[in-house]
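1. Sharing a sequence plus its predicted fold:
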Amino acid sequence: MIYFITGNKNKYKEAILRVSNMEMLSIDLAEVQNIDAKVVIQEKLKEAKKAKPNCSLLVEDSALYFLEQGQGLLPGVFIKWFQKNFTLEELSASAIKLNQTKAKASCYLGYYCSKEKKNYFFEGNILGEIVSPRGDNGFGWDVMFKPDGFDKTFAELSDEEKLKISHRGRAFQKMNEHLELA
């Protein structure tokens, strides 16, 4: 059994579609603030192991990067903090006004296999565009992210459509492939 440590039921709902032998465990983990998502996920996993030793554990962090000349800048891993201070309408309007609508959605997974006593890390990314919010499916910033090659935002796609192409779906697919090979 893998314990997915998250308080976000929506993330768990997507994860369980890819990795079946998983159970959600809501533990409030201290979260280091760092612009490097890999540092954030490593620290989350370290905290999770302290909270639930001797168990296989999974932690996740997502980021939304507004791209400037191919460079991922803010909000990045700080997207949830931006959402606490700005509406999604304000965030998308700012990106549109500054002509900085190219974006990358990223998901980082940290998996601790208790049997092997080893950490594994998986990453999923998708490029897209920041648009004015639309759609009522999904959660978080799904309403303002339109993946490249699609006319719909994540929030306008069905759960199944989104999972096939999303940053989170891609990261969980990599993890699932690893588990199948193990």
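-> Thanks, I have the structure now. Numbers count the residues shown, from 1 in each chain.

2. Relative to residue 136, how far out is the residue nearest the centre of the chain?
-> The chain has residue 62 as the residue nearest its centroid, 2.8 Å off, counting by C-alpha atoms, centre = their mean. Distance, residue 62 to residue 136, using C-beta to C-beta, to the nearest Å: 20 Å. The C-beta positions use only the backbone N, C-alpha and C, and glycine is treated the same way.

3. Ok, residue 13 next?
-> 16 Å.

4. Residue 150 now?
-> With C-beta to C-beta as the criterion, residue 150 and residue 136 are 17 Å apart.

5. Looking at those two, which one has more neighbours?
-> residue 150 (16 against 9; other C-beta atoms under 10 Å).

6. Now do the same for the more buried one: its pLDDT.
-> pLDDT recorded at residue 150 is 97.

7. Same question for residue 72.
-> 64.

8. same deal with the one 10 residues further on?
-> The predicted local confidence for residue 82 comes out at a pLDDT of 81.

9. residues near the residue lying closest to it once chain neighbours are set aside, how many?
-> In space, and not counting its chain neighbours, residue 82 is closest to residue 75: 4.3 Å by C-beta to C-beta, 6 or more residues apart in numbering. By other C-beta under 10 Å, the residues close to residue 75 number 19.

10. How far does stretch 67-75 stretch from one end to the other?
-> Chord length of stretch 67-75, first to last residue, is 10 Å (C-alpha to C-alpha, to the nearest Å).

11. wait, stretch 131-144
-> Start and end residues of stretch 131-144 are separated by 5 Å (C-alpha to C-alpha).

12. heads up, I number from 29, so please use that
-> Yep, numbering from 29; the last one is stretch 159-172 now.

13. Distance from the chain centre to that stretch, please.
-> Distance, stretch centre to chain centre, for stretch 159-172: 15 Å (C-alpha atoms, centre = their mean, to the nearest Å).

14. And stretch 110-118, by the same measure?
-> When distances are taken as C-alpha atoms, centre = their mean, stretch 110-118 is centred 18 Å away from the chain's centroid.

15. Report the buried residues of that stretch.
-> By 16 or more other C-beta atoms under 10 Å, the buried positions in stretch 110-118 come out as 110-111, 116.
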